[in-house]
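Visitor: Give me coordinates for this.
(one chain, ligands or ions: 2)
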Amino acid sequence: MKYTLHMHTIGFDGRNSVAEMVNRARELGFDTIGISNHFIVNPDIKNTKMYSYSVRGGYSNIYSENFDEVLMRFVPLYYEIEHIAEQNPDIKILRGMEVDFFNNTKWLHGFERVMQILNPDYIIGAAHLVEYNGMLTNTHDWKKADKQTQDIFLKNYWNKVKNAAESGLFTFMAHLDLPKKVNLGRDEKWMDYENRAVESVAHTGGAIEINTSFYRSYLYEPYPSNRILEMIKNANVPVLISDDAHEVKNIGRHFDMAHQLITNFHLQTLNKIK
Ligand SMILES: [Zn+2]
Ligand SMILES: [Zn+2]
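Guide: Ligands and ions are numbered 1, 2, ... in the order given. I've put the predicted structure just below:
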């Protein structure tokens, strides 16, 4: 695989500029690179815990209260990407985004409107945020909850992934079993939920990334886990490898291991993006 499509840059929550990411990808031998900053729009976003963390951490630009705000962030970014693409004709540079899906009419209408203006080359679907009791929470908030609450979070998470896949809006789905970041959802009882999500991707002709940002010393695997890779194989869903790079040093990380998984599981790879 000579392309890498999942990465974040300065101005959002990445540490390097688009030009720096492009130069590093070229050094590593990639012929195509895609920039996919966070596209997170929710009217309640500024009342959440993670928003105040992001303000302190200096990356609150990944969150927008409405679609005009997100447009203000993506228009200059896409303009910059196009400019850099013109200066670097030897490498293909694509305009992507990593979108948090919200399953309501208002969000869907706003999303459609903004997509007509931005016209991205590809769209990554993600579920970093899950509604619970009328509140927006993220993966890290679930860590301290009691077991019963964690199960509700997990159910809501998997339903969100399934709905996102069914929307057919996304070129591929990001880090499918994200909750394992905080060691949640490893239980076999979640396999039905995982399978339904994979089936939904299959029905809509989508793809799933093998995200190499999750390699921990205690668990040497990417997102998704081996048991989900088995489901992906059975459902004939194509995969691609993503580094989810937030800085140049992350580009292409652990791609050799991911290639090995593709071979071992006889997975098909995504050859063409929408
Ligand atoms: Zn993500
Ligand atoms: Zn990402």
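Visitor: hey, where'd the helices end up in the protein?
Guide: Assigned by DSSP state H, the chain shows helices spanning 18-27, 49-57, 67-87, 105-118, 147-167, 191-203, 226-234, 255-264.
Visitor: And the first one, what's buried?
Guide: When you say that, I think you mean helix 18-27. Val18, Ala19, Glu20, Met21, Val22, Asn23, Arg24, Ala25 (16 or more other C-beta atoms under 10 Å). For the C-beta atoms, the positions are set from N, CA and C on the backbone; glycine is no exception.
Visitor: near ligand 2, which residues of this structure show up?
Guide: Within the chain, the positions near ligand 2 by C-beta under 5 Å from the ion are Glu98, Asp244.
Visitor: so where's the chain uncertain?
Guide: In the predicted model, the chain carries pLDDT under 70 at residues 217, 274.
Visitor: Write down the beta-bridge partners of the residue of the stretch 51-200 of the chain found nearest ligand 2, one by one.
Guide: Per C-beta to the ion, Glu98 is where the stretch 51-200 of the chain lies closest to ligand 2, at 4.8 Å. Counting by DSSP bridges, Glu98 is bridged to His38, Ile124.
Visitor: Now do it against Ala174, distance only.
Guide: Look at Glu98 and Ala174: by C-beta to C-beta, to the nearest Å, they are 6 Å apart.
Visitor: Likewise for Asp121?
Guide: 16 Å.
Visitor: Looking at those two, which has the bigger crowd around it?
Guide: Legend: neighbour count by other C-beta atoms under 10 Å for Asp121 and Ala174, higher for Ala174 (25 against 20).
Visitor: Which residue, other than its chain neighbours, is closest to the more buried one?
Guide: Closest residue in space to Ala174, ignoring its immediate chain neighbours: Ala126 at 4.2 Å, by C-beta to C-beta, 6 or more residues apart in numbering.
Visitor: Could I get the contacting residues of the one you found?
Guide: Glu98, Val99, Asp100, Phe101, Ala164, Met173, Ala174, His175, Leu178 (C-beta atoms under 8 Å, 6 or more residues apart in numbering).
Visitor: Quick check: the fifth one touching Ala127?
Guide: Yes. Using C-beta atoms under 8 Å, Ala164 makes contact with Ala127 at a distance of 6.2 Å.
Visitor: follow-up on the earlier one: distance to ligand 1 added to the buried residues of helix 18-27, as JSON lines?
Guide: As requested, the buried residues of helix 18-27 are exported to JSON lines (distance: C-beta to the ion, whole Å):
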{"residue": "Val18", "distance to ligand 1": "18"}
{"residue": "Ala19", "distance to ligand 1": "23"}
{"residue": "Glu20", "distance to ligand 1": "20"}
{"residue": "Met21", "distance to ligand 1": "16"}
{"residue": "Val22", "distance to ligand 1": "21"}
{"residue": "Asn23", "distance to ligand 1": "23"}
{"residue": "Arg24", "distance to ligand 1": "20"}
{"residue": "Ala25", "distance to ligand 1": "19"}
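Visitor: Please tabulate the helices of the chain in CSV, including the columns distance to Val248.
Guide: CSV is the format used below for these (distance: least, C-beta to C-beta, whole Å):
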stretch, distance to Val248
helix 18-27, 4
helix 49-57, 20
helix 67-87, 15
helix 105-118, 25
helix 147-167, 29
helix 191-203, 30
helix 226-234, 28
helix 255-264, 15
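Visitor: so which of the ones you listed gets nearest Pro43?
Guide: helix 105-118 (8.5 Å; C-beta to C-beta).
Visitor: what residues does the closest one touch?
Guide: Residues outside helix 105-118 that contact it (C-beta under 8 Å, 6+ apart) are 41-42, 66-67, 70-71, 74-75, 78, 95, 97, 99, 123, 167, 169.
Visitor: With adjacent residues omitted, what lies nearest to His175?
Guide: Computed as C-beta to C-beta, 6+ apart, the closest residue to His175 that is not its neighbour in sequence is Tyr223, at 3.8 Å.
Visitor: Please name the nearest non-neighbouring residue to Ile210.
Guide: Nearest to Ile210 is Ala258, by C-beta to C-beta, 6+ apart, at 4.7 Å.
Visitor: gap between the residue nearest the centre of the chain and Thr204?
Guide: Nearest residue to the geometric centre of the chain (C-alpha atoms, centre = their mean): Ala174, 3.5 Å. Note on Ala174: its distance to Thr204, by C-beta to C-beta, is 15 Å.
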